[in-house]
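A.B. asks: Got a sequence here, can you build the structure:
(2 chains)
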Amino acid sequence: MKLITCGLPYANGKAHIGHLRTYVPADVYVRYLRMFGEEVIFVCGSDCHGTPIVINAEKEGLKPKELVDIYHEHFQEVFRKIDVNFDYFGRTDAEYHHERTQEIVKRLLENGYIYPKEIELAYCPNCDRFLPDRYVEGVCPYCGEIARGDECDQGCGRHLEPGEILEPRCKICGAKAIYRKQKHYFFRLTEFKDFLLEFLGKLGGTENALNYAKQWVTMELKDWCITRNLEWGVKFPGEDLVVYVWVDAPIGYISFTEKACEGRIDWRDIWLRNKAEIVHFIGLDIVYHHCIFWPAMLKGSDYSLPNAVVASGMVKVEGKTFSKSRGYVVWVEDDYLASGLNTDFLRYYLVNYTSHQKDLNFSWEVFGDKINNELIANLGNFLYRVTHFAWKNFDGEIQAKVDRNAMNAIQAAIKKIKEALENWEFKVASDAFMELSSFGNNYFQNAKPWDLIKSDRNECEKAVATCLQIAKALVILSYPVLPKTMKKFSGFLGFDVEKATTDDALKIESFKIKKPEIPFTKVLPEKIAELEDTMHKRIAMAEKKEEKEFEETGKETREVKEVVGEIENVKGEVEDVKEKEGEIVMEENPSEISFDEFKKLDLRIGKVVKAEKIEKSKKLLRLEIDIGGEVRQVVAGIAEYYKPEDLIGRLLPILVNMKPAKLMGVESRGMILAADVNGEPVLLYPDKEVKPGTKIR
RNA sequence: GCCGAGGUAGCCUAGCUGGUUGGGGCGCCUGACUCAUAAUCAGGAGGUCGGGGGUUCGAAUCCCCCCCUCGGCACCA
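C.D. replies: Presented below is the predicted three-dimensional model:
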């Protein structure tokens, strides 16, 4: 028995092609396993907790559950339409899931892997909330430099425990933060280091996941704070706290298994008695949670451990890094489903484009080419020409007389698929049936049944029977990738592929063919053009929006912008995860400042007199800048974009009364102002030559 | 800078425990055929296997150095 799970979609946004990159191959894998006679349970569900959901719901004027309902429904609908067929698709805000989570937390407590610890959390009385580390600024107790909550990032680099920092201030409103003691709970991750090293040595799955995980474990592990100050989530037993999302989310794999097993099997066989192979399909961005936190939690609560973690590579769109905010995104519902294209096309593209571990590039042009020239021209055409020929010339009644070579080819395809699955190579599996289809076309072409029908009806029947056998095998072997189409087409061949196994592909029987229909309709070039157009418009709009935002925020100080920017950070997948992990996410602050406040900024034009790279750093330049009679040393993170020699003699706006800081051991007294274009600094220059030291206002 | 994963024809790639002329698919060119969704079949052009050294009778494949891409860590006041 095997349990296959997929990383839970976070219920605060719509499904895009990046999601499908892991769900579709997982579904394909499950369907193949079943076809090979394996008993499989396939579960997934919505991840419903966490701060971003609470905040998003607030923004929309909804309760968290109401927001979750929307996206839970959305994902279910998307999966249904694209034939990703879970045995159970649950949600982590369900009662049964809360129970399971609490049970596991209790077990961890009993086993001594969770301990309480009073921590001092910075709290801003003005904003009336706890402040996450990065929104706290104060003085390092070790070196006296300015530091942020969790780390003396500018001075000695020491890690700071909550409460250590002196003179804490709220970075948002500037008010003095106070410390409030609060009891939180920690998971003893550090005790699992040896276990994890051993465990990862035998864990199966894709190398991309395993290599990362091994790298993490060899580095420093820290005990993990697993409680949060929130209302929304799984209550921590006996406290007015909620369990951290990343604790309860993977437990969904267990709770959803329970539901999927109801009335059939005992889920304990899987999760407590180790009687099933457990495989997690995930995206590359959540390897840490699945290879480190999760196995440690399972181990600590005496549950079964996963056997494999299969991580899919990243998705690119039109050759560019996937990015929602920049418009490089393909939405499943609004783009693909709305286009009316066969959903099997997308499945084929996602599975067949490249190896599961590698980056997948989604391009509408390539999509059209692959579908029309491979899937339809080769496979679709073969299925249709053969069945159509049999129906037209033999009334669909064909006696079983199959060429042995063809049987060998089918056998070889099955073998190739089986081996490919063992290596998580879904492209190779789909190539196997495409090769068999080529074999079929070849066979048909060489046999020339259209000639034989006139000269030797018996020989002709043999050729057709052989091709029909290949067609039947093709329907069966491609069904996991193309379920919708092959379900329908198997009807023309007189069987139901949903009930078929790979053995049926080798079973020789006479055929009764019904009048076939074309399995796929071609993707029209106009359709591709239309979809590309939608995409280009979206990208253009995103660029415009970015410019506008820049204009609006351009007047603010960089510091304010940074803080606001962090909240609005939606550049892509990975950042979503970071956002989800954020300790306590702040609400947006309108951050209007008065003229008096503005006057506090000593902005001037400076002239670069010297510039050099700081050794051992990638981004830092050490600049000496003439700010009018005085030469300041300033460190700027622009080395990736500007050469030191090009900067000498140039004029720059500079914030002179910036608090001094140390970066890589070099003191910086001042800050260069630059436009931030997707993280790329773009320097600004005065319109005319002005004297160094000229005030900016 | 450190650590991973890669760099093979226009594109996606196989090969990577060294050994006959580096395979396949898409695209491209030519021919054949007409059962079929201008589909199919045959043939062909196209590669200094990132660059440079080295080991070897022989390297895409092993060793060293370098370059580039992607990702993680450090770091953008």
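
A.B. asks: Can you name the residues of the stretch 251-400 of chain A sitting close to RNA strand B?
C.D. replies: Contact residues, the stretch 251-400 of chain A versus RNA strand B (CB under 7 Å from any atom of the strand): A:284, A:314, A:321, A:353-355, A:358-359, A:361, A:366, A:369-370, A:372-374, A:376-378, A:380-381, A:384-385, A:388-389, A:392. C-beta here means a position set from N, CA and C on the backbone, and glycine is covered the same way.

A.B. asks: Of these, which belong to helices?
C.D. replies: Using DSSP state H, the members of these that fall in helices are A:366, A:369, A:381, A:384-385, A:388-389, A:392.

A.B. asks: Give me the buried entries from those.
C.D. replies: Buried subset of those (neighbour count, 16 or more other CB atoms under 10 Å): A:381, A:384-385, A:388-389.

A.B. asks: Export these as CSV, with columns for pLDDT.
C.D. replies: Formatted as CSV, these follow (pLDDT from 0 to 100):
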residue, pLDDT
A:381, 96
A:384, 97
A:385, 96
A:388, 97
A:389, 96
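
A.B. asks: Widest-spaced pair of these?
C.D. replies: In these, two members sit farther apart than any others by CB to CB. They are A:381 and A:389, at 11.9 Å.

A.B. asks: if I look at residue A:467, how far off is RNA strand B?
C.D. replies: According to CB to the nearest atom of the strand, to the nearest Å, residue A:467 and RNA strand B sit 9 Å apart.

A.B. asks: which residues sit in contact with that residue?
C.D. replies: Under the criterion of CB atoms under 8 Å, 6 or more residues apart in numbering, the contact partners of residue A:467 comprise A:382, A:386, A:389, A:406, A:440, A:443-444, A:447, A:449.

A.B. asks: Would you map the strands across the stretch 1-150 of chain A?
C.D. replies: Under the criterion DSSP state E, counting those that start in this stretch, strands of the stretch 1-150 of chain A are mapped to A:2-6, A:40-46, A:88-91, A:114-124, A:129-130, A:136-139, A:146-148.

A.B. asks: Which one, of those, ends up nearest to residue A:504?
C.D. replies: It is, among the strands of the stretch 1-150 of chain A and with distance given as CB to CB, strand A:40-46, at 18.1 Å.

A.B. asks: May I ask you to confirm that residue A:278 belongs to a helix?
C.D. replies: No - remark: residue A:278 does not belong to a helix; assigned using DSSP: H, G, I helix; E, B strand; the rest coil, it is strand.

A.B. asks: quick one, what contacts it?
C.D. replies: Going by CB under 8 Å, 6+ apart, residue A:278 touches A:2-3, A:5, A:253, A:270, A:304-308.

A.B. asks: Same question for residue A:444.
C.D. replies: Contact criterion CB under 8 Å, 6+ apart gives A:382, A:385-386, A:463, A:467 as the residues in contact with residue A:444.

A.B. asks: how about residue A:453, phi and psi?
C.D. replies: Backbone geometry at residue A:453, expressed as degrees, to the nearest 10, gives phi -60, psi -30.

A.B. asks: Just give the closest residue to it, not the sequence neighbours.
C.D. replies: Setting aside the residues directly before and after it, residue A:453 is nearest to residue A:460 in space (CB to CB, 6 or more residues apart in numbering), at 4.7 Å.

A.B. asks: Now flag whichever of the contacts of residue A:278 is closest to RNA strand B.
C.D. replies: Taking CB to the nearest atom of the strand as the measure, RNA strand B sits nearest to residue A:308 out of the contacts of residue A:278, at 17.3 Å.

A.B. asks: who's in contact with stretch A:400-414?
C.D. replies: Outside stretch A:400-414, the residues that touch it by CB under 8 Å, 6+ apart are A:432-433, A:435-436, A:439-440, A:443, A:461-463, A:465-467, A:469-470, A:473, A:477, A:502, A:505-506, A:508-511.

A.B. asks: if you look at the residues you listed, which of them are in helices?
C.D. replies: With DSSP H as the criterion, helices contain A:432-433, A:435-436, A:439-440, A:443, A:461-463, A:465-467, A:469-470, A:473, A:477 from among the contacts of stretch A:400-414.

A.B. asks: for the residue of the stretch 201-350 of chain A found nearest RNA strand B, helix, strand, or coil?
C.D. replies: At 3.7 Å from RNA strand B, residue A:211 is the closest residue in the stretch 201-350 of chain A, using CB to the nearest atom of the strand. Three-state secondary structure (criterion: three-state DSSP) places residue A:211 in helix.

A.B. asks: what's the burial count for it?
C.D. replies: By other CB atoms under 10 Å, 12 other residues sit near residue A:211.

A.B. asks: And residue A:682, by the same measure?
C.D. replies: Around residue A:682 there are 11 other residues, counting by other CB under 10 Å.

A.B. asks: hmm, back to that, for RNA strand B, which of the strands of the stretch 1-150 of chain A is the nearest?
C.D. replies: Shortest distance between RNA strand B and those, using CB to the nearest atom of the strand, is found for strand A:146-148: 5.5 Å.

A.B. asks: contacting residues around the residue of the stretch 551-697 of chain A found nearest RNA strand B?
C.D. replies: Ranked by CB to the nearest atom of the strand, the top residue of the stretch 551-697 of chain A for proximity to RNA strand B is residue A:637, at 0.7 Å. With contact set as CB under 8 Å, 6+ apart, residue A:637 has these partners: A:619-621, A:681.

A.B. asks: Can you show me the helices along the stretch 401-550 of chain A?
C.D. replies: Along the stretch 401-550 of chain A, the segments classed as helices by DSSP state H, counting those that start in this stretch run A:404-422, A:426-447, A:449-455, A:457-478, A:483-492, A:525-553.

A.B. asks: Please identify the most buried of the ones you listed.
C.D. replies: Of all the helices of the stretch 401-550 of chain A, helix A:457-478 carries the top mean neighbour count, a mean of 24, counting by mean count of other CB atoms under 10 Å.

A.B. asks: If you average the pLDDT over it, what comes out?
C.D. replies: This predicted structure assigns helix A:457-478 an average pLDDT of 96.

A.B. asks: So what's the gap between that helix and the chain middle?
C.D. replies: 42 Å (CA atoms, centre = their mean, to the nearest Å).

A.B. asks: Wait, residue A:287 touches residue A:311, no?
C.D. replies: Yes - applying CB atoms under 8 Å as the test, residue A:287 and residue A:311 come out as touching, 5.7 Å apart.

A.B. asks: can you list residues touching both of those two?
C.D. replies: Each of A:208-209 lies in contact with both residue A:287 and residue A:311 under the rule CB under 8 Å, 6+ apart.

A.B. asks: any idea how far the nearest residue to residue A:37 once chain neighbours are set aside lies from RNA strand B?
C.D. replies: By the measure of CB to CB, 6+ apart, the closest residue to residue A:37 outside its immediate chain neighbours is residue A:501, 5.7 Å from it. Using CB to the nearest atom of the strand, we find residue A:501 at a distance of 25 Å from RNA strand B.

A.B. asks: give the contact list for residue A:501.
C.D. replies: Applying CB under 8 Å, 6+ apart to residue A:501 gives the contacts A:35-37, A:476.

A.B. asks: count of neighbours near the closest residue in space to residue A:182 that isn't next to it in sequence?
C.D. replies: Residue nearest to residue A:182 in three dimensions, not counting chain neighbours: residue A:121, with 5.5 Å by CB to CB, 6+ apart. By the other CB under 10 Å criterion, the neighbourhood of residue A:121 contains 23 residues.
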